[in-house]
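Colleague: Quick check, what structure comes out for this input:
(chains A and B)
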Amino acid sequence: MNEGGKITKIPLSERKATFREVSLGFTEKEALKEAQRCLQCKNAPCIKGCPAGIDVREFIRLIRNKDYRGAINKIKEANNLPGVCGRVCPQEEQCQLACVLNKTGSPIKIGYLERFVADWELQTGSIASHHRVSKDIKVAVIGSGPAGLTCAADLSREGFSVYLFEGLHIPGGVLVYGIPEFRLPKDIVEREVSYIRSLGVKVITNFVVGKTKTLDDLRREGFKAFFISVGAGFPRFLGIPGENLNGVYSANEFLTRVNLMKGYLFPEYHTPVRVGQKTIVIGGGNVAFDCARSALRLGCSEVKIIYRRTKREMPARDEEIDNAEEEGIILEFLVSPREIISDREGNVKAIMCIRNKLGEPDSSGRRRPVPQEGSEFVMEADTIIVAIGTAANPLLVSNIEGLDLNSRGYIKVNDRFQTSIPDIFAGGDIVSGSATVISAIQHAKIAAKEIVKFLHISNPDKE
Amino acid sequence: MKILSKEIIADTGDTKITRFTIFSPEIAQKSRPGQFVILMVSEKGERIPLTLVDADEKKGVITLIVQEVGYTTRLLGRMNPGDSLYSLVGPLGHPTLIENYGRVIMVGGGVGIAELLPIARALKQKGNTIYSILGARTKELLILRNEVASLSDKFYLTTNDGSLGEKGFVSMVLERILSEDSDFQLVYCVGPLPMMRAIAEITRPFGIKTLVCLNTIMLDGTGMCGSCRLNYDGRIKFCCVDGPDFDAHLVDFEDLMNRQKRFLEEEKKSLTKPTC
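Modeller: Take a look at the predicted model:
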């Protein structure tokens, strides 16, 4: 009876040849129907389910009243990136998991409602702006991914003069280089960034803190607090023979070529990205699926994802796994790569793998893959994409004297997201290791509040 | 990011080398010999690394020297004073370790001579004795030879066609020098990969510390993508953040030369498409 509506996607026949966004989201009619299903629970467990603490119940109520402006403003009180989060948050593990209707198997599609009002605002072309830098105190936010954008926005709202530094030529971090167009259109990211600019944040691209200027240089130039949100973008490799052969990409390289540099529009855009006819992606997270689905769209006829455990342990979102399977991507489980095999020209020709069985649970609680000696087998491939995660990028963080890092190179913070150096805060993947957009946002929101407190204490007369 | 001046310093018809000065006070201030920038000529452009040849902190100006080898460098070669690059970031990579080594041999090939010059200058200032060996295909391509000569205690030139200096390769001269006198503490080499590999093999039996400055295919230049990776002493290193200078005796040149071929087909496609 109270069943959620289906989400319209672009036809499967088109999907394999286009980078257009797959999911079309709700129409107004569909959104209203979905919002009507909401029980408006008194205790609203959905709000507690949201790491950013969006008042979900209230924004849905406003949608029911067709007050879309009110709904988007309500969301933006807690989240500066609604168009992004409406698309890439794992809602099924957060707000929608907490939704009372989840027991019926059909929770309110909160993510799609969030996306609906975010896109509504984009279409009306009138984004509410609140430019009000009022305090003469400069804060530097380093890295413009989800954590950086959020922290910069929140601090700017508090009236600080916020500079958001980005090493690449376009702001957005993983939102522009990592997540593909078909899952998160870049004009959505651009829109969110221009909203954040409208709050008074000064976005400085082509600026690598630690290289173009050091953090100490910025301190000398009068910056009073820092938020480091540089992500964990340092690709991990397998450490097996053949990994440097032509045709082997890290997921970061492959996705950066495709997304940031728009390699899928080569040669109109000048950055090449080459896939052959048989691509194998190694990994089981969302990034592996992004790579596989991108390779398919680049014209590769057979794309496989190999994962060392089973579907149950796969960290990717169910929605992404479903999309990939619909598109014809082959999933091979309990398989680990052993060696990448070369042709005579130094290109990838095949990959030798070994089959696993699941053993005892490891530290992640998931059952450990145990290689079955003698089960080696060879699969043909001309493109291999290594999507086994990232590590901490040492470029900035290992060059700040006195900054405590953990054994894996991530920044140590206290529960206020403050580092071992009092004026430096940090959040996102450079603190937690690879995680989600929303957890980065959560860190950034807490850190922003703490930075405000820190600045009020250290600069009382500047009020 | 604005181009202030442009000077074609070599043009043989099929090879063109151009010197640009570009306004970039922040990069000029931080730039040290051995570092590089990454630039894009247009919004649709590639990100390519180029060595910082010179930097004038007072004027806020950097110097880049570019040989037109592919699509992007060709587009760059068409830019003029007053034009602005779409993107310019740096200085990236580690600076070359400049100290008083003692007696040093600088080996430069082709456009690599441009990259060699700032290192040679810095090493000279540190009190090193500098031997320089420069080589190119032909006389016109022996760029900056007077500049390098003026700071060298001994100076050798080679061309493949014999149009200037000795006919042959830089490796030949290096071999001869070392066979007579191998009391050198550093060989610093920058040029085409086959040349750097040859130099590494010549110095290896003498046990002379040999550094090469590598220029691999990069994207971000900050360690994020791994496009520039090389096999170094059996491990993966990233040219952008671990280099660009590496101990030549530990570099797997075969691997590197293979990786430089990754996008040759695409490059051809770019070069044949109409540009306007």
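Colleague: From residue A:249, how far out is the closest residue to chain A within the stretch 51-200 of chain B?
Modeller: The stretch 51-200 of chain B approaches chain A most closely through residue B:87 (3.9 Å), counting by C-beta to the nearest C-beta. Bear in mind the C-beta positions are built from the backbone N, C-alpha and C, glycine included. Per C-beta to C-beta, to the nearest Å, residue B:87 is found 23 Å from residue A:249.
Colleague: Could you check which of those two has the larger neighbour count?
Modeller: residue A:249 (29 against 20; other C-beta atoms under 10 Å in any protein chain shown).
Colleague: In contact with the more buried one, which residues?
Modeller: A:257, A:383-386 (C-beta atoms under 8 Å, 6 or more residues apart in numbering or on different chains).
Colleague: Give the next helix or strand downstream of the helix or strand where it lies.
Modeller: Using DSSP states H and E, residue A:249 maps to strand A:248-250. Downstream of strand A:248-250, the next assigned helix or strand under DSSP H and E is helix A:251-255.
Colleague: quick one: that following helix to chain centroid distance?
Modeller: 14 Å (C-alpha atoms, centre = their mean, to the nearest Å).
Colleague: so what does that helix touch, helix or strand wise?
Modeller: strand A:234-235, helix A:286-297, strand A:383-386 (3 or more C-beta pairs under 8 Å, 6 or more residues apart in numbering or on different chains; DSSP states H and E).
Colleague: hmm, the helix or strand just after that helix touching chain B?
Modeller: Once the chain leaves helix A:251-255, the next helix or strand it forms, by DSSP H and E, is strand A:278-282. No - interface with chain B: strand A:278-282 contributes nothing (C-beta under 8 Å from any C-beta of the partner chain), its closest point being 14.0 Å away.
Colleague: Mind listing the strands strand A:278-282 pairs with, and their directions?
Modeller: strand A:302-306 (parallel), strand A:383-386 (parallel) (DSSP bridges).
Colleague: Rounded mean pLDDT for that strand, please.
Modeller: Averaged across strand A:278-282, pLDDT comes to 98.
Colleague: Check stretch A:290-300 too.
Modeller: Stretch A:290-300 comes out at a mean pLDDT of 97.
Colleague: and what of stretch B:30-40?
Modeller: 97.
Colleague: Which parts of stretch A:311-323 count as buried, going by neighbours?
Modeller: A:313-317, A:319-321, A:323 (16 or more other C-beta atoms under 10 Å in any protein chain shown).
Colleague: And stretch A:5-20, by the same measure?
Modeller: Buried-residue list, stretch A:5-20, by 16+ other C-beta under 10 Å: A:5, A:7, A:15, A:19.
Colleague: now swap in stretch B:185-194 and tell me
Modeller: Quick answer for stretch B:185-194 (16+ other C-beta under 10 Å): B:186-193.
Colleague: Let me have these in CSV, adding distance to chain A and pLDDT as columns.
Modeller: Shown next, in CSV, are the buried residues of stretch B:185-194 (distance: C-beta to the nearest C-beta, whole Å; pLDDT from 0 to 100):
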residue, distance to chain A, pLDDT
B:186, 26, 98
B:187, 26, 98
B:188, 23, 98
B:189, 22, 98
B:190, 21, 97
B:191, 22, 96
B:192, 18, 95
B:193, 14, 96
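Colleague: pLDDT score assigned to the residue of the stretch 51-200 of chain B closest to chain A?
Modeller: 97.
Colleague: For it, grab phi and psi.
Modeller: phi -150, psi 140 (degrees, to the nearest 10).
Colleague: do the one 10 residues further on as well
Modeller: Per-residue torsions, residue B:97: phi -70, psi 110 (degrees, to the nearest 10).
Colleague: Any idea how many residues pack against it?
Modeller: 10.
Colleague: And the residue nearest to it when sequence neighbours are not counted, how close does it get to chain A?
Modeller: Counting by C-beta to C-beta, 6 or more residues apart in numbering or on different chains, residue B:97 lies nearest to residue B:245, which is 7.5 Å off, once chain neighbours are set aside. Note on residue B:245: its distance to chain A, by C-beta to the nearest C-beta, to the nearest Å, is 16 Å.
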